[in-house]
Structures are given as C-alpha cells and as structure tokens.
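Participant: Fold the following, please.
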Amino acid sequence: MNSQEIKLIPVKDLVLWTENPRDPVDATASDQDIVNRALEDKKSKWTLLRLAKSMGKHYDFSELPTVVYHEGKPIVYDGNRRVILAKIKLGYVTIPNGTKIVNLPDVSEEIPCNVCKEKVAIDNVYRKHADSGSWNPLERDIFVHKFMGEQKSPFLILEEETGLITANPHLNKRFVQEEILKEDILKSLGFSVEKGRLYSVHDDESAKSILSDISEKVKSEAISTRNNRGKVLDVLEPASKRLITKNASNQSHLSKVRFDPEHEATTPLRQTRRTSKKANELFGGKLYLRSGDVSNLHRDITDLYNFYLSNKKKLSQSFPGIIRMSLRLLCETASDGQRFDNYLKDNFDTAKQTLDQDTKTTLAGQNVTKESIAQLLNAGAHNYTSTSNIEQTVAISIIIGAILTLKYGKEQ
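Facilitator: Here you go, the predicted model:
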C-alpha cells in the first residue's frame, strides 16, 4: 500500500477511535458509547450541532477522514465527528430521546477516506490539530508522548503526579505551560522533575499550598499574558514565599500531593483579602473565533470588561451600560446584513443546546430568552437604568458567545 491512498469505505464499517485526543474513552468502548459521550459533550469538545449546521445540506468531503487498518478494522484517526454525523444520518447509531440534531447533511453508504499507515496518520493528526487551538496544552503533551515518542513534559508530569491541572482547568493554557509550570520555574519554587516523577523539598501540606497559590494567581489574573509576566515568585503570597525560603535546604523527596478533580485546589495558607466569588467570565470564557471584525470587536469588549472589573470602584454605576451597548454593536456586526434581532432569534436555540445546565439556569435567572434578548440589547442602546445590571449583561454575553461560535468559531 502507498503511504496514503483514497478508498471508498462503508460508513457502517468505520470504527471510531477510542483514543481520540479530543476526549479519549476506554479502549473497549463501542461506537455507540462514543456517540453517547459526544452528544452529552460535558467538556464542549465535540460540538456536533455546530458541525452539522456548518456543513449545510451536503456532507463535506473537502477534508477526508483519516483511516488506519488494525487487524482488518478501519479505525478513524481523524474526522471522527464527521463520521459520527454520517452514522447518525444512516441509522447505524442511535441518539438519546430528546436530543435534536437538525439539518443532518446527506451522505452515501460509502464515503472516501484517506487510508494510510499509522505513522502517517499520527503525523497528519498532529499537523492539523497541534497549533490550531482545537487541543489544549495538556492534550497536546499527552499526544506527543503517547503517539510520537517524545518524553513527558514537566507540565504533563505535574498533572500525572498531582492532578493539579484537571482540578484547576484554568491552568490548562499555553502561557501557563510555557511560562509558569515549566522546569526552571518549578525548581525555583522547590519542585523538580526527575525520570518522569515529581520531587519536592516541601512537606505535602506546604507543597499543596504553594501550588494552590499559583493556581489562584492565574485564576485571578494576577499572573497573565498581560500582568506580571515572568514574575511568578514575586506575586505569590508572603506565606508561600516564606515556605519556599524555609524549605530550600531540605532534602528533595518524591511528592505525594494530590488535588481532587471534583473540586478546585485548596486555598493557600494566607491570601490577601478579596471578594469571595470571582466574577463570571464575559462570553462564558475565551472564544476562539476566525480572524476578522467580529473577532476583533469581541476581544475589544473583553478588554473593556476587564477594565471595568479592575476599576469599578472608580467608575459610575452606569458604566456596564457601555458594555451592553458594545454587545449590541457586536451582534449587528456578526449578523452580516441580517437584522440583528432576527440573527439572534434564528440561532438562539441551537446555541443554547451547547451550554451546560448551570449556564442555562443562569440565563433563565437573568431573564435572557430568545424573545427578550434583542429588547435587552436595545435597552442598552438607550442607556436605560436597567442596563447597569452587570450580572444580566454577562448572562447576555454568554449566549452571544455561543451564537458567535456557531458561525465564526475556528473549526476543530
């Protein structure tokens, strides 16, 4: 066989990859198990609704599934989401009652696939996903170690040894991987990586407090790409600095610190006084949009919101109205000639299905519905007093973020 060859393969024969870096499952999982997990999409990794919408009426063959034969079975290394849609359309897998996937593209019983050897498939998957934004840093590090033979990174070792990153997903960012939780910084804090294991000069309680302090500083953006870049030790709490100095001469030993993935990291030994609850993130978190006016405006509004959070004691109570006015401008820009209220109504239900139940409850609590959202944004344009409700403005931004992702999100 050539290194790559295009072949027609029956959709029913294609086997979904259990080790898909997007959301790996048990090796014994069936296609139906993977489809159930993809539709549940607790981590928002699969976004099948968005893919189905973006394809339109016809199945997209501009990118072919990458397939490797193992013991006579064609395993889909890349293109699992597209193959799932085909299997659903053709009835080879079922979807849970109440789940709606509308406008599934038409597809034939056989589809063209790029059949190749495993090494070629791995190289293709890495090239496509490593720097596209569809993998987070931890997924990338797992992939290059498991499938490309590279040594475990300090970032991966720290996760495997402590569970810190799984317990604190805000740490799973590239700048944290490259600038904070890297070998020389960890060493300055009293941690070291040796032969794939994590060692520490601290007792477990002290080690956990220091790592928790780092986590909190990233979460509160005391350390970010814009604040205190490269100054990890400088921004830590005085109690953490004292521990690092006190334990510096201790004998290094294998660390046994563990973080519970079901809860955030414990707080450091001592923290400066701050609000007990961190403000909700605008747009529900960082959006990954295609470059252009919509992406630029979304980032400008995010900066405006961060300015508000940092300076709200100095600003008037009416300032959130400016943010809401900006959200309307963003929607008008994104609607691309369509009336912005129709644009929001047409995409509201599909976007809402991509949100988790807690977020949906937040929308309901702030009366953000398909019928009310345009009116709420119109109120912002007239600077009515009600627009000073920053919690409602954030709730509006969350559904707007989900709507923008449908059309302008970078394809994963």
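
Participant: Correct me if wrong: residue 139 contacts residue 22.
Facilitator: Yes: in this structure, residue 139 is within contact of residue 22 by Cβ atoms under 8 Å, at 7.5 Å. All C-beta atoms are positioned from the backbone trio N, CA, C, and that covers glycine.

Participant: Just give me how far stretch 398-412 sits from the chain centre.
Facilitator: What separates the centre of stretch 398-412 from the centre of its chain is 12 Å, taken as Cα atoms, centre = their mean, to the nearest Å.

Participant: ok, and for that stretch, which residues are buried?
Facilitator: 398-409, 412 (16 or more other Cβ atoms under 10 Å).

Participant: Same list (those) but as CSV, adding pLDDT, secondary structure and distance to residue 149.
Facilitator: Output for the buried residues of stretch 398-412, formatted as CSV (pLDDT from 0 to 100; DSSP: H, G, I helix; E, B strand; the rest coil; distance: Cβ to Cβ, whole Å):
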residue, pLDDT, secondary structure, distance to residue 149
398, 94, helix, 41
399, 95, helix, 44
400, 95, helix, 43
401, 93, helix, 38
402, 91, helix, 38
403, 93, helix, 42
404, 93, helix, 39
405, 88, helix, 35
406, 87, helix, 38
407, 84, helix, 39
408, 89, helix, 37
409, 84, strand, 32
412, 38, coil, 25
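
Participant: Using CSV, lay out those residues together with distance to residue 53.
Facilitator: As requested, the buried residues of stretch 398-412 are exported to CSV (distance: Cβ to Cβ, whole Å):
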residue, distance to residue 53
398, 19
399, 16
400, 17
401, 16
402, 12
403, 11
404, 13
405, 11
406, 6
407, 8
408, 12
409, 11
412, 14
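
Participant: Now do the closest residue to residue 43 other than its chain neighbours against residue 47, distance only.
Facilitator: Closest residue to residue 43 apart from its sequence neighbours, by Cβ to Cβ, 6 or more residues apart in numbering: residue 23 at 6.3 Å. Going from residue 23 to residue 47 by Cβ to Cβ, to the nearest Å gives 11 Å.

Participant: if you count what's nearby, which of those two comes out ahead?
Facilitator: A side-by-side neighbour count of residue 23 and residue 47, using other Cβ atoms under 10 Å, places residue 47 first with 20 against 16.

Participant: the strands in the stretch 51-200 of the chain, which residues?
Facilitator: Assigned by DSSP state E, counting those that start in this stretch, the strands in the stretch 51-200 of the chain fall at 66-70, 73-78, 110-116, 191-194, 197-200.

Participant: Looking at these, which is nearest to residue 291?
Facilitator: Relative to residue 291, the nearest member of those by Cβ to Cβ is strand 73-78, separated by 23.7 Å.

Participant: Tell me which other helices or strands the closest one touches.
Facilitator: strand 15-16, strand 66-70, strand 110-116, helix 118-129 (3 or more Cβ pairs under 8 Å, 6 or more residues apart in numbering; DSSP states H and E).

Participant: Using the record's domain definitions, break the chain down for me.
Facilitator: 4-117, 137-254, 282-408 (automatic domain parsing).

Participant: Read off the pLDDT value for residue 153.
Facilitator: Looking at residue 153, its pLDDT reads 93.

Participant: Ok, residue 191 next?
Facilitator: pLDDT at residue 191 comes out at 96.

Participant: That one: how many residues sit nearby?
Facilitator: If you count neighbours by other Cβ under 10 Å, residue 191 ends up with 25.

Participant: How much space separates it from residue 57?
Facilitator: 54 Å.

Participant: Next: residue 208.
Facilitator: Per Cβ to Cβ, residue 208 is found 54 Å from residue 57.

Participant: neighbour-wise, which of the two wins?
Facilitator: Comparing residue 208 with residue 57 by other Cβ under 10 Å, the one with more neighbours is residue 208, at 23 against 8.

Participant: In space, what's closest to the more buried one - neighbours in sequence excluded?
Facilitator: Nearest residue to residue 208 in three dimensions, chain neighbours excluded: residue 257, at 4.9 Å (Cβ to Cβ, 6+ apart).

Participant: Please apply the same query to residue 129.
Facilitator: According to Cβ to Cβ, 6+ apart, the nearest residue to residue 129 is residue 135 (5.1 Å).
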